[in-house]
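Q: Based on what follows, work out the 3D shape:
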Amino acid sequence: MSGGGGQEEQHLPSVSSASGSAAGTAGGRATPEMKRSAVRSLIQRYFYQLQSGCGNAHCTNANCASSGKVAPMTPNEVAARALQLFSQDAQLCEVSTSAASSPQDVDMLSPNDSSSSSSGSSTSTITSASTTTTTSRQSQSTPAAVVVAVSSLDPVQSVPHLDLGAVEPSSGDSEPCTPTLPTVQSLDANSLMALYEQCVTARCYDRICHAIGDVFSSVDRLSKSFIRSAEPAASSSLQELLANPPEALNKEQLRTLEGEHDKDEDSTQQVEEQAETEEVAASASAGAEVETEAEPEEEDEDVPMAQPTEAKAEEDPSESSDTQVDLPGLRRVQRLFFGSRTRAINDSLISSVIQLAEWVQYMRPDWEKVIHCLVICFDLATNTDNTVVDMDYLDRVLPKLCQAAAAMPVQAQARLTRIWAAHCSDQLQALVAAFQQQITVQVLQDEESMRENGSIISATKVLKIVFYANILASELERPSCRVPLEDRTEAAATSASGSATVEDDLFDYSSVLHPHMPKFAEDQLEKALKVSAIDCRKPLVPLEEFYNEALSENIQMHHDYLSYKALESEKGSGHTNYFSFMLYGFILTPATKVDALYYDSRMRMYSERYTSLYSILNNFGQEGPDGTPRPDLKLTVRRDQLINDALIGLEMVAISNPKDLKKQLVVEFVGEQGIDEGGVSKEFFQLIVEEIFNPAFGMFIQQEETNNMWFNATPFENGAQFTLIGIIIGLAIYNNVILAVNFPMVVYRKLMGYCGTFADLNDWSPTLYKSLKSMLDYQGQDMEEVFDQTFKISYSNVFGEMVEHELVPNGKEVLVGQHNKLLFVNLYSDFLLNTNIQQQFNAFRKGFEMVTDESPLKLLFRPEEIEMLVCGSREFDFVELELSTEYEGGYTDETQIIQDFWSIVHAMPNESKRKLLEFTTGSARVPVGGLKCLRLLITRHGPDSDRLPTSHTCFNVLLLPEYSNREKLEERLMKAINYSKGFGML
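A: So this is what the prediction gives:
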């Protein structure tokens, strides 16, 4: 080999190792043209080897047609496989003399069949007289042409790895029967179903497999398929062409196949085309080479979204929910595919869609075309009958589609969301089920590395698209009731300045300076769609169905939290290997999200503790309280002065150093020996909540109709007291304590940054809601006479006195009619839920956010879940508690006293059960996730005696002596739970 060959071997190893005759000069460096020529020559050899073989009847090369091991493929598939073999440096056979005399020059088709290339690259068109799709065992009936466009100087880099392993040659009961077919440029439901009927009649499915393979493997072709407004003429032309045996085609037929229906050429062009057609037909009949016309040059696809025209330059494509997909026709095709017993059709579909999805994942195509393709392919995954074929499609194709959809930019995902919401709302339930099944299967197969599992991650990201599509498809509050952070701060300042008391300004805190969500955690899809789950009152698919139990149970939340903190430390860098399910809270159950909140709180407590210890070491030897900061937040209170001691202590901390509120809370009751490991704090919160929400205290009033607590519009206390109560509620969440608080849901919505609206009145006052709803539903023109309602309203204050208020200036003179009834209802609702308590609620929210501002609370939880977090679950199932209870000291679930214990407990009334729960855990509330999450421990506390049962509420431990009989056990237990106030040392 010459020196040039050596240099060629260094720069092109695949070329030199596969062929010893790499192009090069005798004594100089190989030029780029020589390298390209060598690469092209090798790819052509692979193509010819796959298609026609080497001519050796005893060939053993699995990638050679002469060995009989190469499955029949279309020219597109042969081209893709040739590129793969070139990139893998696969074996090349020595071509025999007879085979070498055949032409070897062919062009390779890219997966998108694009004939255009980027500027500066060259495209070659070479013809071949031998291009059958079958192996060498088949006879070639008619020579045909294949066009392959190499749109890059490096063919290996231009085509990604393609998964074509599922393609089978034909149905099991028919032999390959069809020579090379022309490339199909588009499909529609009618032509595809007609073609299927013809294939059934002929008992040969090569034509339909060829059509499916051509269209479903290409973004360009599939984006032109299943168009809602497709012309019947085009369908009939395609059907006619596919029905006839392939022969030399004139240019008019080629344009029909390629979707070109523009026939406005002048007469001169028509005469020239006719002459060319006659010449091509003559050469084809003589066995000459036929060259198909290249497709017209298309726009560069390396753009994030389709470029709008000048007339629509200001329109955002992601704002549109329109799609051209013929969904009814597509679903007829779906039933055809999955109802067919022909394996070859389904294998062709699966392999083609996988090829398309991988192309989308690795390249940067026109996303508008990709969205059209994804709508088609995802829709095929719905309405399945769980047959073997359907499950095969879900198991193999759905992960690839999810990876392709997850790789789209946010604007493209928003576009897909709007399409699903507008046109596929009836399929959302099926999509949720399909993605949940995919995630669950992957979790069960790979429990240890879920955050590194690409299939789980991509399915979760696409499930978020379905989540927001479900929100958009549901009934939304428009305009959104979300209050911008700046507006809330401005309203709070206005409220404070306009009131007589400004004591709440003692607490130096601003929501603007303390954002509730780090920048990297902001949901970009939510921002693009301008919608939130809180805007949806009645979702089409219940949001609880988006919880994935298997993932939530196996997630190991402490590891996921560390991934979340790693993302936070990288400040949202796009180049990160970390993934956290905390950014996809909709998929996690409330109990799992409580774990995430617990880890976050503990990490912040430890951080504050280490900071305090470091400060103590640095200030060692100094005198004064400033020199010895505590590593915890300690409150020393008297039972008879609980409110005053607690509020004064918290006020001093909030004024001097609000960050100390994020230390671990330690409560000490004066004169009691109890050490707070959690149980003392639980009782402290229980007692202080009972007193604070006592109507006699004057800060909250109890609504008789719903038994809910509401802010007193004319309180006895100043705004600072409401701030301190907000701090107490925040501390309860921060320290994982459940409270006996009965707020209406609108309070939690307002804490999340939303204002109360008319819909919230249904929970606040059902009677008033029904009254106003009847007013809105009334359509009579005599509304003024029937209702006799003006824009002046009246309500009762804390003293039982009636207070009047005008919703508009001179409201007592303005009657409510058909033209202004909606305005009246909105103003009435806004006054009761927002304006009338604005000062009190702003102070309350300030205190709440002083504790929770850095917490992922709003990232993880919806208002309904925050209510559960504060108040506990409403499920009161002691059977779950029995199943989750553990035993020590010789007790087991088969011990007689244990069986008697549970028999007594299950027979108790609910009030006694709550007392037992409070006695053993320190709280009468059920934790989030139910009593199964409580982990009660019952241990033997000596033999039979007259001692009462005791408990360690900090650790949920019940100390139970082994009483001699059931009657004594019941008597001792009931006395213990009915007289269980206070703490002592055993």
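Q: can you list the domains in the chain?
A: Per the TED database, the structural domains of the chain span 43-87, 189-227+319-473, 632-868, 873-979.
Q: end-to-end on the third one?
A: Start to finish, the residues bounding domain 632-868 are 27 Å apart (Cα to Cα, to the nearest Å).
Q: Off-centre distance for it?
A: 33 Å (Cα atoms, centre = their mean, to the nearest Å).
Q: likewise the first one?
A: Per Cα atoms, centre = their mean, the displacement of domain 43-87 from the mean C-alpha position of its chain is 42 Å.
Q: Residue 61: what secondary structure?
A: Three-state assignment for residue 61 (DSSP: H, G, I helix; E, B strand; the rest coil): coil.
Q: circling back: is it possible to export the domains of the chain to TSV including mean pLDDT and distance to residue 564?
A: Every C-beta, even on glycine, is put in place using the N, C-alpha and C of the backbone. Shown next, in TSV, are the domains of the chain (pLDDT from 0 to 100; distance: least, Cβ to Cβ, whole Å):
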stretch	mean pLDDT	distance to residue 564
domain 43-87	80	39
domain 189-227+319-473	89	10
domain 632-868	87	7
domain 873-979	85	20
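Q: Take the ones you listed and lay them out in TSV including distance to residue 182 and mean neighbour count.
A: TSV is the format used below for these (distance: least, Cβ to Cβ, whole Å; neighbours: other Cβ atoms under 10 Å):
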stretch	distance to residue 182	mean neighbour count
domain 43-87	10	22
domain 189-227+319-473	9	20
domain 632-868	55	18
domain 873-979	61	17
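Q: For residue 562, find the nearest of the ones you listed.
A: Among those, domain 189-227+319-473 comes nearest to residue 562, with 9.9 Å by Cβ to Cβ.
Q: Show the end-to-end separation of that closest one, please.
A: 27 Å.
Q: So which residues of the protein form strands?
A: 475-476, 536-538, 633-637, 665-669, 700-702, 709-711, 792-796, 802-806, 886-888, 937-940, 950-952, 957-960 (DSSP state E).
Q: May I see the buried residues of the second one?
A: Neighbour counts using 16 or more other Cβ atoms under 10 Å place residue 536 of strand 536-538 among the buried residues.
Q: strand partners of that strand, parallel vs antiparallel please.
A: In the sheet, strand 536-538 lines up against strand 475-476 (antiparallel) (DSSP bridges).
Q: just the fifth one next, same as before
A: Strand pairing for strand 700-702, using DSSP bridges, gives strand 709-711 (antiparallel).
Q: what's the strand it pairs with in contact with?
A: Under the criterion Cβ atoms under 8 Å, 6 or more residues apart in numbering, residues 693, 699-703, 722, 741-744, 764, 837, 840-841, 844 lie in contact with strand 709-711.
Q: contacting residues around residue 787?
A: Residue 787 neighbours (Cβ under 8 Å, 6+ apart): 775, 778, 816.
Q: Can I get those in JSON lines including distance to residue 443?
A: Shown next, in JSON lines, are the contacts of residue 787 (distance: Cβ to Cβ, whole Å):
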{"residue": "775", "distance to residue 443": "51"}
{"residue": "778", "distance to residue 443": "53"}
{"residue": "816", "distance to residue 443": "56"}
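Q: now, among the residues you listed, which is nearest to residue 890?
A: residue 775 (68.1 Å).
Q: what's the spacing between that closest one and residue 703?
A: 21 Å (Cβ to Cβ, to the nearest Å).
Q: picking up where we left off before, could you export the domains of the chain as TSV, including distance to residue 595?
A: Formatted as TSV, the domains of the chain follow (distance: least, Cβ to Cβ, whole Å):
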stretch	distance to residue 595
domain 43-87	46
domain 189-227+319-473	15
domain 632-868	10
domain 873-979	9
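Q: State the distance from the closest residue to residue 636 other than its chain neighbours to residue 733.
A: Nearest residue to residue 636 in three dimensions, chain neighbours excluded: residue 668, at 4.8 Å (Cβ to Cβ, 6 or more residues apart in numbering). Residue 668 is 22 Å from residue 733, where distance means Cβ to Cβ.
Q: what does residue 445 give?
A: Counting by Cβ to Cβ - residue 445 and residue 733 are separated by 36 Å.
Q: With residue 755 instead?
A: Relative to residue 733, and taking Cβ to Cβ, residue 755 is found at 22 Å.
Q: what residues are up against the spatially most central residue of the chain?
A: Centroid check for the chain by Cα atoms, centre = their mean gives residue 464 as the closest residue, at 2.1 Å. Residue 464 makes contact with 525, 584, 586, according to Cβ under 8 Å, 6+ apart.
Q: about what we covered before: my guess is the residue nearest to residue 636 meets residue 638, correct?
A: No - Residue 668 lies out of contact with residue 638 (Cβ atoms under 8 Å); the separation is 10.3 Å.
Q: how about the nearest residue to residue 781, chain neighbours excluded?
A: According to Cβ to Cβ, 6+ apart, the nearest residue to residue 781 is residue 818 (6.8 Å).
Q: For the one you found, give its distance to residue 758.
A: 17 Å.
Q: Repeat that for residue 698.
A: 29 Å.
Q: for residue 979, same thing?
A: Distance from residue 979 to residue 758, by Cβ to Cβ: 48 Å.
Q: again, but for residue 914
A: From residue 914 to residue 758 the distance is 35 Å (Cβ to Cβ).
Q: gap between the two ends of stretch 321-330?
A: 18 Å.
Q: What are the contacting residues of it?
A: 188-190, 226-230, 371-372, 375-376, 379-380, 418-419, 421-424.
Q: let's go with 10 Å and repeat that
A: 188-190, 192-193, 223-230, 332-334, 371-377, 379-380, 415-424, 426-427, 469, 472 (Cβ atoms under 10 Å, 6 or more residues apart in numbering).
Q: same check, this time on stretch 446-456
A: For stretch 446-456, using Cβ under 10 Å, 6+ apart, the contacting residues are 398-400, 402-403, 406, 438-443, 445, 457, 459-460, 548, 550-551, 553-556, 559-560, 562-563, 577-581.
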